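Asks: Got a predicted structure here, sequence first:
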Amino acid sequence: SGPDEIELPMNPDGFEKMFGTEAPIPLENYKAGARAAESVCTLYANEHFFAGTGFALEGEHLHPSLAGRRVIVTNEHVVPMPGGGAPAPHDITATFTARDIAPIGGFSATWWSARTDLDIAILISDQLDRTDVTSLQPAARLPDVVEGAYVYVVGHPGGGGIELSIRGNDLLDANSTRLHYRAPTKGGSSGSPVFDKAWRLIGVHHYGSANLTALRHRSGRYAGNQGTVLDAVRERLANDGFDHRSSHT
């Protein structure tokens with residue numbers, strides 16, 4: 001054939017082919033991600049210094065004593081416990097950039113777990129309760145760690161616009177406390193929600209390393225990101241006899 005001629009396959013099965021492991025993403029999956037992004041906020045200290053990312057969740061998904069409250073979940077290294085440094089909860093302003101909602105303040109912290117432990121801060125605010133901010137839906141269980149399993153991460157890296165990590169997101173390993181995944185994140189993604197493939201909440205992103213130690217289903221070390229399993233937070237709250245009315249404020 002000449003250099004300008006088109007070579008066609010011999011049968012119809014050869015007209016299209018996938019290369020690599022990533023398949024096309026249905027439009028509805030993008031829409032579901034956009035809906036999930038409405039629950040994700042950027043956290044500022046004193047209204048101008050970027051602190052990190054957080055997300056809205058109905059309190060009852062964490063503990064019965066939080067029923068009727070809406071909470072912001074983020075990392076303890078984003079909003080430190082007393083003595084852990086600035087900023088303090090009352091300095092925090094939450095902005096939901098995917099929604100036309102005024103910045104929210106008036107926060108107090110109802111519970112922390114140190115950054116060396118679960119690395120979680122739970123914030124409440126009367127202002128937040130009065131908004132119509134949508135809350136994320138937790139998954140009933142963690143996804144199986146199998147070939148082809150993946151997660152999504154949504155956050156505000158660097159305090160900029162909201163970003164969705166939806167490519168190269170392999171779920172590497174998991175146990176009852178930690179998730180390891182390849183979803184790409186950048187500085188400022190701390191506190192971002194981690195989702196399963198159906199956009200249900202499974203964890204809270206907090207850390208990345210080129211030298212993570214495998215958790216349960218794999219061995220050795222690898223590069224990846226790490227999140228705290230949401231069920232681990234629930235279990236800790238239950239075991240601690242948590243009551244937000246007598247917790248840190």
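Replies: Arrived safely. Numbers count the residues shown, from 1 in each chain.
Asks: switch to C-alpha atoms for all contacts and neighbour counts from now on
Replies: Fine.
Asks: beta partners of the spatially most central residue of the chain?
Replies: Nearest to the mean C-alpha position of the chain, by Cα atoms, centre = their mean, lies residue 193 at 1.2 Å. Taking DSSP bridges as the rule, residue 193 bridges to residue 204.
Asks: what's near enough to touch it?
Replies: 40, 54, 55, 153, 154, 155, 201, 202, 203, 204, 205 (Cα atoms under 8 Å, 6 or more residues apart in numbering).
Asks: Looking at those residues, spot the one nearest residue 113.
Replies: residue 204 (12.6 Å; Cα to Cα).
Asks: Test my guess that that closest one contacts residue 225.
Replies: No: taking contacts as Cα atoms under 8 Å, residue 204 lies outside contact range of residue 225: 10.9 Å.
Asks: For this structure, which segments count as helices?
Replies: 27-37, 126-129, 230-239 (DSSP state H).
Asks: can you redo the ones you listed as JSON lines with mean neighbour count?
Replies: Shown next, in JSON lines, are the helices of the chain (neighbours: other Cα atoms under 10 Å):
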{"stretch": "helix 27-37", "mean neighbour count": "15"}
{"stretch": "helix 126-129", "mean neighbour count": "16"}
{"stretch": "helix 230-239", "mean neighbour count": "17"}
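Asks: Out of those, name the one with the poorest average pLDDT.
Replies: The weakest mean pLDDT among these belongs to helix 27-37, with a mean of 86.
Asks: can you count the residues close to residue 55?
Replies: Burial of residue 55 is recorded as 28 neighbouring residues (other Cα atoms under 10 Å).
Asks: no, scratch that, I was asking about residue 144
Replies: So residue 144, with other Cα under 10 Å, has 13 neighbours.
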